[in-house]
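Engineer: This is the structure alone, sequence omitted:
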């Protein structure tokens, strides 16, 4: 763990806000496995080769995002697969679109696992009666399923999705909605995430809170860390820090 700013960690946070994807679990293993499973089905169903599937999927995703902008539904895998199937001339292949979306998420979940130390960190927060709020982009249904699969559905006092608020991180609305749930001083909140723009810049600009970047072994360029107070790669280090701090008054 490395402190980058002049922030002084002398007392426990009044609340902890935390991101989900790639912060509490690694995103890439599930995503890679999910796409591979759908690619296998497309090859069997329509003789679409793996290299062509990647091109088609990327094009469909970009098309949906360009059309929907920063709406939470712009991340919908169902819409991506619908767009992909239309692009190869299949029209309203709704059964296939649903099948591929469910295949993707089933395989995604099978390859998902918590980073080491996450449950201990949440337990320490619970023992200290520190409210924990999950703030996540994407739609509520799949994010809820992830929490249940990972076994952390009871770790949070509140769960806030961009679908619920109608705004995605880094927009301030989603962070303000989280503060309204816990009703505490924003500057004493810890925001934990992996994304420099969505989690770090978004929360810092909206709340002025203490920002913790989960680096996952990477070394972000120093110039990109302007909104980061602390970097860490291991939740056990964060738990050790929390146990040593006095309860906020």
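Structural biologist: Right, received. Where do you want to start? Note that the structure is predicted; figures quoted are calculated from it, not measured.

Engineer: In contact with the closest residue to residue 195 other than its chain neighbours: list those residues for me.
Structural biologist: With C-beta to C-beta, 6 or more residues apart in numbering as the criterion, residue 195 has its nearest non-adjacent residue at 7.0 Å, and that residue is residue 19. In this view, the C-beta of every residue, glycine as well, is placed from N, C-alpha and C. Residue 19 is in contact with 134-136, 169, 192-195, 198-199, counting by C-beta atoms under 8 Å, 6 or more residues apart in numbering.

Engineer: and which of the residues you listed is nearest residue 100?
Structural biologist: For the contacts of residue 19, the minimum distance to residue 100 (C-beta to C-beta) is 23.1 Å, reached by residue 136.

Engineer: what are the bridge partners for that closest one, then?
Structural biologist: Counting by DSSP bridges, residue 136 is bridged to residue 161.

Engineer: That one: neighbouring residues, count only.
Structural biologist: 28 (other C-beta atoms under 10 Å).

Engineer: Could you report the separation of it from residue 1?
Structural biologist: 23 Å (C-beta to C-beta, to the nearest Å).

Engineer: In terms of secondary structure, what does the helix or strand of the chain with the lowest mean pLDDT contact?
Structural biologist: Here the helix or strand of the chain ranked lowest by mean pLDDT, DSSP states H and E is strand 2-3, holding a mean of 90. Where contact means 3 or more C-beta pairs under 8 Å, 6 or more residues apart in numbering; DSSP states H and E, strand 2-3 is packed against strand 230-232.

Engineer: so for the very next helix or strand once past the strand it packs on, what's the average pLDDT?
Structural biologist: Proceeding N to C from strand 230-232, the next assigned helix or strand is helix 235-244, under DSSP states H and E. Averaging pLDDT along helix 235-244 yields 94.

Engineer: Give me the buried positions along helix 235-244.
Structural biologist: Neighbour-count burial for helix 235-244, counted by 16 or more other C-beta atoms under 10 Å, picks out 235, 238-239, 241-242.

Engineer: on that earlier part again, within the sheet, what are the partner strands of the least confident helix or strand of the chain, with directions?
Structural biologist: With DSSP bridges as the test, strand 2-3 is paired with strand 230-232 (antiparallel).
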